Structure formats: structure tokens, C-alpha cells
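**Q** generate coordinates for the sequence data below:
(2 chains)
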Amino acid sequence: MTRILLLEDLPEIRVWLKALALQVFPDAQITEAARVHDARQQISAQRFDLALIDLGLPDGSGVDVVSALREQQPEAQSVVVTIHDDDDHLFPALQAGAFGYLLKEQSREQLGEQLRRISAGEPPLSPSIARRVIQYFAAQAKNHFREAEPLMPGVTLTERENEVLLRVAKGFTLPEIGVQLNLSRHTIADYVKQIYRKLNVSSRAEAALEAQRLGLFRRN
Amino acid sequence: MLLGIALAGPARAQAPQPADAPAGAVQADDAGREDASTVTLRSAQVLTLPAPTPAPPADGVYAPVSLPDDWTLASTPGLQAVWYRLEFERPVAAGDGPLAAYVPRVCFNLELHLNGVLLHRGGRMTEPVTRNCYHAQLVALPASLLREGVNRLDLQVVGFPLPRVAARQRAGGLSEVLVGPQELLREAYESALFWNVTVPQAIAATLLLIGFVMIGLSWVRRLRYLLYFGLASAGWALLGVRLWWRDIPLPHGSLELLTAAAFVPVAVCALLFVLRYCDVRRRALDVLLWGQCLAMPAALWLAGPERLFVAASSVYAILAVEVALAVGFYLVHAWRHRRAEFWFMGFISLCGAVAVAIEVAVQGQLVPLESVHVMHFALPVLFVALGFRLVQRFAQALDAAESARQQLEHRVREISADIERNFAHLAEIRVEQVAEKERKRIAADLHDDLGAKLLTIVHTSTDERISTLAREALEEMRLSVRGIAGKPVQLTDALADWRAEVVSRLGEAGVEVDWQSSDPEAPRTLPARSYVQTTRVLREATSNLIKHSGATRAIYQCSVGDDFRLVIRDNGRGIPLELDGKLDRGHGMASMKARAKQMQGQCLVESGPGYGTVIRLTLPL
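**A** Residues are numbered from 1 along each chain as shown, chains lettered A, B, ... in the order given. Model (predicted):
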């Protein structure tokens, strides 16, 4: 049984998303929420395997819910469901720990396929997101170089991961890259998962560092 | 330099004592005159009295004395009167013309009797006595009073002895007396009058003028050194009054004290001028210098009338040393900072120093007295030269100021142009920011309202056609929003996005794709609108290709040069022509063309049944 948190403020869309989720996970137990506040409460109250989270909500951003879930239930998967396909909206969610994203206007079949793939460990990665990720890690490396701090272990991208990112950024699809690098579909998917994970870890570490710099954490 | 004049003026030295002349003798002055028409009387009988008398006292006991006779010893405290008795014979070579007696110097005043008859009085003989120290005296001797043989001249001289005056040439005394033809002596008299009175008057007028001009300039331009120069110059001119104003209505003691004291502020102004000219500005020093204006007169007063000459000489000496120090300081300063001025000013200072040295020598009777005093004229000339230099410097400064002002104006114009430009730029940026903010707001509204509604239609409509239309509308809306809110897109990024979309769509549709694109050599950007429109054309074309062409293979070629070119070929069945000869509107060809046109580009479609379709999109960059 899959426990799913569904966060969406528009009732019609919520109904429809619920149907979509049930189509992919027929035995799912779905908890609905319309606001960030409700979702937080639910997260504190019970465990989830998957969360479908809308970004633009009346009382805040879905990104906060993604963060909260990542913090409290690291094993749960967050999938952002949004109307915004641009990296400005998606990137923060991915940094906060979202494992993938669905674009609402896609057809039910496409969405179903996407969701299935995500839950199977094959998250999507668009060129614009890939470019943002590359920029992000480049900036990190530069900061560390400048401040002569050692890079945090486990958050640097491997050569292969970089290779995949660069090719995605150039507009190659994941299957194409698999062919070019002579890698299986699963291996490519693993790289993408690793990229998302490292993005999240690095972002969290960065946030912590930033907080420390601002003096939020003080030693007594 | 000023002080040099100060010393020279009042202390005009005495003629040196001539070689001893036989007392009472009548003789021709062979040294002074080439002919024997004039006699020079160098010996006399003298009788000193405590007060003037109307006639030579009959019972007085005369003592012999040689002329010139200077009164060097103090006697009675008041005005002193001395009777001189001189005897002469009518000069043989004088001819029959009228005779005259010429007295080059007498101080303060004299009365002349010829053979017991009063002939001439130089002014008041009692206090306040007329001061004739700078005025020679010429007295016509009427032929009717002259006797054959020995004639007697009685001269009553009134004055004060040396210790009771502030300057040597105002000490009482009588020079030698010349008797000869009137016209001959008048020449000498007028020459003396010219050099000792007229010229100093002219000089005083000039200096006064310069002084006022400088004071005016300093007032206009706020230049303190010009003010001090003007004050010193005008002050010096006023001091010259003593040379020609004979009947000053003041008692002798006060007048002498005043004259000596008046040199102090003039010298202080000169000192301050030099200091200011070197940009020296010390409050304590100023106070000290001005303090002298009180201290020195007080010292003169305390010294008392008996020691006035010594006290005044000391005051002059102190002031001279101060000015010399200031000038020395100035020359050092000029050598360091204003090399160009050094030589001119150095020359002037040197001339001043020489003049002062000559005067000191003359005063100390080290060199004989010349008839025309260097001091008297050299220093005012130097004064004028200095004034000229100041005016020149002022004019230069004015020129410099003028050109600086022009430069400044030029700079101001430049800067204001800059500011205007910047302001326009800022305004642009502001407009840009406001527009950006507004665009974001509109985009958010569109997403939240229209987007949500369209989305609802997409996912709730049972009619596939309607939900497809809604989806397309949603896509359109998103693109529009991007066009409104978007920043310029890097061309390489746009190409990557397009490639990813086209390849995955055609891949899902089972069409084989060959995407050929060359990255631009230099980074180039595409305006958000162009990006959006091109995306639409590309989507439209791809949709057509999937839906209608039945192609199994498609080639997308992108090239970036002066223009952006996109060529899409497929191996499908082509687009059937309508009856009117136009391509099928249902395939969105018209909207593709319209979009290309909006971007000042063009979209050509070549198609024929069985030949596939070629779409050529060209956009200017």
C-alpha cells in the first residue's frame, strides 16, 4: 500500500490528481491537503511514501512542504506538480529535495507515465534544469576555491554525472545519452537521481553554513 | 626697503665739514664756482640766546664759529635762538646785477638782517615755528642797503638741537651762506627746491595713488597682501608730508614724536605684506607686529624729549632689521616656490639694501653727502617697481582664474550632460524595473486564474478535442507569459530546449529525427519574444508533422549566421493545396507565417503531394 500526500488548493484539480494517483497506484491511501499549513500537520501526523505537491498555494509555497518532508521523512518521495515549467520555479523545489516534477497541462496518459517513471526511480531532467544545476555546482566550487574551504564530501558531482548533465543541457534526451555513453537506461536514471540527491544535500549544507554565518547557530 | 626710505628720508645727512676756513674772511669759493662772482661764507660770529629777539642784542658776546654749524648739544629745553654775524665784501666779479644771499640749509627757521635792516623772515619764529629744514632760503639783497666795502649779515636761527629731534636733518643748524648774483643763486635755489620738495611731492602723490589702487584691488579680490602693500605705500606717501608742509600747527615735541611713531605702522604694514606674500599667516606674529605700534611710540615717549634722537634711531634700526629679516625669508621662500619671481624680487631687494647701506654710511658720516640723495628717489622707484610686479602677478592670477573658470564651465557642461545621460539611463532602468514587476504580476495572475481554469478544462472535459484545445491554449498562455516576463535567452540554451522537446516528441511519436545544429561562434541572445514565437512555430510544425504528414523521418537544421535559419524537412505526403492555390490553413501554416512576419522574418513552406514538406524559417538576429 502506498501512502500518498496530495497537496493542491484547487478542488477540481485535486480530484483529478487523486484519480491520476489512483490510476498509477490503485491501492494507494491518499491524504488530501489544500494548504501548506494542513500539509505540515499531516506530515507531522503520519508517514508517507509519496507526496504530490503543488507549488503556488494560498498560504505559502509548496517548496516549504518539500523541505519539511525531506527533513522529517527523508525516505518519502516529493514530486512537484505544477503549472510552471520554468527553472525559476522548479529549481528551488529540487534544491529543497523534490525528486521530480510533473507539468499539470500534460495529458493524463503522459502524466501517468511520468509519475510511474518517477516512482520507479527515473526522474525527468530538462535542459533548463540541467543548466541551473551546472551553474549551481560551478558557483559552489568557485566559492570553495575562493574561501579555501574543503569541498563537502559526497556533494561533488562525478565526472560521469557531469557528463550526463552537460549533455542534457545541450538538449539530448536521456535515452540518447544512454546510447552515446553506452549506458543502460537504469544507469542513466541513477546518475540523475544522484544529481538530485547531491543538489539537495549541497543546498542544505549551504543553507546551514549560511545560517551559521548569519549567527543563527550559536554555541552556548 | 621701506625702512631704508624711512631712514634715508628723515636722516638726510649733513654736508661734511669743510676744511678749516679763516674766520671772518671774505673769500671766493674756488671749489664750487669757476668764477669769482659768488662768495661762500664759512665763518661767523655766534651768539646763543634762550629765546628769539627782534634784533641782534647790542651787548652780546659773540664767539667765532665755522659753518656749517650743527647744534649737537642739548641746552635749554625750549626753542633755541642763535644769532650769526657774517661779514662780506661785494664780490668783484658780480657785475652790476642784483645780489642775493642763498642759504642751502637752515633749521628750523631764520631771520636775515643786512647792515641792521630786517630783510627776510622764513615764517614764524616762535612756537609752532615754521619748519624750513627741507627748504633752502634765497634772499635778495637790495643794492640800496649794500655798502662799499664790508657788509654785515645778521642771521637769527631758531630750532632744536640734535638730541631733541627724531631725525638728523631736523636738528637745528646753519649751513654755509652764499652771496652772489641773484640769477645765479636762484638757479641753485630752485634746483634744491625741486629735488627736495617738488619731487618728493610727486612721489608722494604717485605712491598714494598706487596705495589706493592696491587697497581697492585687495578689497575687490580679498587679497590681504595687496591691502598691506597699499597701506604701506599710502602710509609712506603721507609720511612725505614732513618734507613740504612747513607750518604744521603742533608743538615741536609732539610733532617729532608723532613723526617717528608714524614710521612704525608703515613698517608693520610692509612686514605684513612680505609675510602675506609668502603665505605666512600666524596670529601670534601678527599680534606681536601690531603690538609694536603701541610699544615703540610708548618707548619714544618714555625716553623723553632729551633722548628723542637716540630713541628714534633705535626704533628705525629695529624696524630695518625686521624688514631685512622678512625680505630674507621671502627670498628663501621665492627660491623654493616661485623661482621665476626670485630674480626680479631679488634685484629689487638688492637695490633697496644698497640704498639703505649708502644711507647708513652717509648718516654715519663715512662718505660725503651728495647733493641728490639716492635714498630719496631710489626707494620710491623700487616701490613703484614692486607695485608693478604685484599688478602683473594679479593680472596673471586673473588670467589663470579666467581660464580656470572656462575649464570649470566646460567640466560643468560635461558633467551635466553626463548627469542627464545617467538620469535618462536611470529612468530607463526604473521604467524597466517597473515594467518587469508588472510583467511578473501579470504572469502570476495569468497562471493563477486563466491557467487554473484552462487546467480544469484540460483535465475535467470529457471531450478529447476540447481538452486538447485547452491544453494548447494553456501552452500558448505559458509561452505568452514567458514572452511578457522573459529575459533574453541564450541562443545555445534555446537550441537545447528546442532539441530536447522536438526529439522527445518525435521519439514518442515514432518518427526518426535528425537534428543538425551548429553552435554559434560567439554567445548570442534571443529576445524573449523571438524565443517564444520561434518555439510556437517549431511546435506547430512538429505537431503538423506528427499529426498530418505521416512521415517516418524528419530533418531539423538550425544555423546561426547573420540570421537564424531553421529548415524542417520530412518525408511525408506533403500538404495538399486548397483550391485557391494556398496551402491548407488548417495546418497552421498561416499562423506560422504571421508569427515569422511579426519577428521581421519569413516562413516559407514548400510542399507537394508525395514530395514531403520543407519549412524554412528565417529570423533576423
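**Q** longest helix in chain B, by residue count?
**A** The longest helix of chain B (DSSP state H) is helix B:374-445.
**Q** give me the contacts around whatever helix or strand comes next after it.
**A** On the C-terminal side of helix B:374-445, the closest following helix or strand by DSSP states H and E is helix B:452-460. Helix B:452-460 is contacted by residues A:10, A:12-13, A:16, A:83, A:104-105, A:108, B:466-467, B:470-471, B:473-474, B:477 when judged by Cβ atoms under 8 Å, 6 or more residues apart in numbering or on different chains. (C-beta placed from N, C-alpha, C; glycine too.)
**Q** name the residues of helix B:452-460 that are buried.
**A** Neighbour-count burial for helix B:452-460, counted by 16 or more other Cβ atoms under 10 Å in any protein chain shown, picks out B:452, B:454, B:455, B:456, B:457, B:458, B:459.
**Q** repeat for stretch B:125-140
**A** Buried-residue list, stretch B:125-140, by 16+ other Cβ under 10 Å: B:125, B:128-139.
**Q** got the end-to-end distance for it?
**A** 20 Å (Cα to Cα, to the nearest Å).
**Q** any idea how far the residue lying closest to residue B:211 once chain neighbours are set aside lies from residue B:214?
**A** Nearest in space to residue B:211, with sequence neighbours left out and distances taken as Cβ to Cβ, 6 or more residues apart in numbering or on different chains, is residue B:234 at 3.0 Å. Using Cβ to Cβ, to the nearest Å, we find residue B:234 at a distance of 8 Å from residue B:214.
**Q** looking at these two, which is more packed in?
**A** The residue with more neighbours, out of residue B:234 and residue B:214, is residue B:214; 26 against 22, by other Cβ atoms under 10 Å in any protein chain shown.
**Q** tell me which element the closest residue to the more buried one other than its chain neighbours is part of?
**A** Of all residues not flanking residue B:214 in the chain, residue B:230 sits nearest, at 3.1 Å (Cβ to Cβ, 6+ apart). If you go by DSSP H and E, residue B:230 is part of helix B:224-239.
**Q** for the residue positioned nearest the centre of chain A, give me its contacts.
**A** By Cα atoms, centre = their mean, chain A has its centre lying nearest to residue A:98, at 2.0 Å. By Cβ under 8 Å, 6+ apart, residue A:98 lies in contact with A:53, A:66, A:78, A:79, A:80, A:90, A:196.
**Q** and these as CSV, adding distance to chain B, pLDDT and secondary structure?
**A** Formatted as CSV, those follow (distance: Cβ to the nearest Cβ, whole Å; pLDDT from 0 to 100; DSSP: H, G, I helix; E, B strand; the rest coil):
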residue, distance to chain B, pLDDT, secondary structure
A:53, 16, 92, strand
A:66, 19, 92, helix
A:78, 21, 90, strand
A:79, 17, 91, strand
A:80, 15, 91, strand
A:90, 13, 84, helix
A:196, 18, 86, helix
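**Q** does any part of the worst-scoring helix or strand of chain A on mean pLDDT sit near chain B?
**A** Within chain A, no helix or strand scores below helix A:127-147, which has a mean of 79 by mean pLDDT, DSSP states H and E. Yes - Helix A:127-147 comes into contact with chain B (Cβ under 8 Å from any Cβ of the partner chain), by way of A:127, A:128, A:131.
**Q** who wins for most neighbours among those?
**A** Ranking the residues of helix A:127-147 next to chain B using other Cβ under 10 Å puts residue A:127 first, with 26 neighbours.
**Q** touching, it and residue B:492? I think so.
**A** No - counting by Cβ atoms under 8 Å, residue A:127 stays clear of residue B:492, with 9.9 Å between them.
**Q** joint contacts of those two?
**A** Contacts common to residue A:127 and residue B:492, judged by Cβ under 8 Å, 6+ apart, are residue A:170.
**Q** run a quick neighbour tally on residue 68.
**A** Here I'm looking at chain A. By other Cβ under 10 Å, 19 other residues sit near residue A:68.
**Q** wrong one, I was asking about chain B
**A** 19.
**Q** what secondary structure does the residue lying closest to residue B:518 once chain neighbours are set aside sit in?
**A** Using Cβ to Cβ, 6+ apart and skipping the chain neighbours, the partner closest in space to residue B:518 is residue B:559 (5.9 Å). Counting by DSSP: H, G, I helix; E, B strand; the rest coil, the backbone at residue B:559 sits in strand.
**Q** what's the answer for residue B:538, then?
**A** At residue B:538, secondary structure determined by three-state DSSP is helix.
**Q** now the one 4 residues further on
**A** Local secondary structure at residue B:542 is given as helix here, using three-state DSSP.
**Q** so what's the residue count around it?
**A** Using other Cβ under 10 Å: residue B:542 sits among 22 other residues.
**Q** my guess is residue A:101 contacts residue A:124, does it?
**A** Yes - using Cβ under 8 Å, residue A:101 is in contact with residue A:124, at 6.8 Å.
**Q** per-residue confidence at whichever residue of chain A sits closest to chain B?
**A** When scored by Cβ to the nearest Cβ, chain A has residue A:171 as its residue closest to chain B, at 3.2 Å. On pLDDT, residue A:171 comes in at 89.
**Q** could I get the phi/psi values of it?
**A** phi 110, psi 10 (degrees, to the nearest 10).
**Q** which helices and strands sit right next to the helix or strand that residue B:200 is a member of?
**A** For residue B:200, the enclosing helix or strand under DSSP H and E is helix B:199-221. Judged by 3 or more Cβ pairs under 8 Å, 6 or more residues apart in numbering or on different chains; DSSP states H and E, helix B:199-221 is in contact with helix B:224-239, helix B:241-244, helix B:374-445.
**Q** how about that helix: buried residues?
**A** Buried, per 16+ other Cβ under 10 Å, within helix B:199-221: B:199-200, B:203-204, B:206-208, B:210-211, B:213-215, B:217-218.
**Q** okay, and the residue nearest to residue B:62 when sequence neighbours are not counted sits in which element?
**A** Distances taken as Cβ to Cβ, 6+ apart put residue B:45 closest to residue B:62, at 3.7 Å, once the chain neighbours are dropped. Here residue B:45, judged by DSSP H and E, is contained in strand B:43-49.
**Q** near chain B, which residues of chain A?
**A** A:10, A:12-13, A:16, A:56, A:83-86, A:104-108, A:126-128, A:131, A:168-173, A:175-176.
**Q** now do 6 Å
**A** For chain A, the residues in contact with chain B (Cβ under 6 Å from any Cβ of the partner chain) are A:10, A:12, A:16, A:83, A:104, A:105, A:127, A:170, A:171, A:173.
**Q** now render those residues as a markdown table, adding distance to residue B:324.
**A** Shown next, in a markdown table, are the residues of chain A next to chain B (distance: Cβ to Cβ, whole Å):
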| residue | distance to residue B:324 |
| --- | --- |
| A:10 | 103 |
| A:12 | 108 |
| A:16 | 110 |
| A:83 | 97 |
| A:104 | 101 |
| A:105 | 102 |
| A:127 | 91 |
| A:170 | 91 |
| A:171 | 94 |
| A:173 | 100 |
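**Q** the residues you listed in strands, which ones?
**A** Among those, no member is found in strands (DSSP state E).
**Q** quick check: buried residues in stretch B:64-74?
**A** B:65, B:66, B:67, B:68, B:69, B:70, B:71, B:74.
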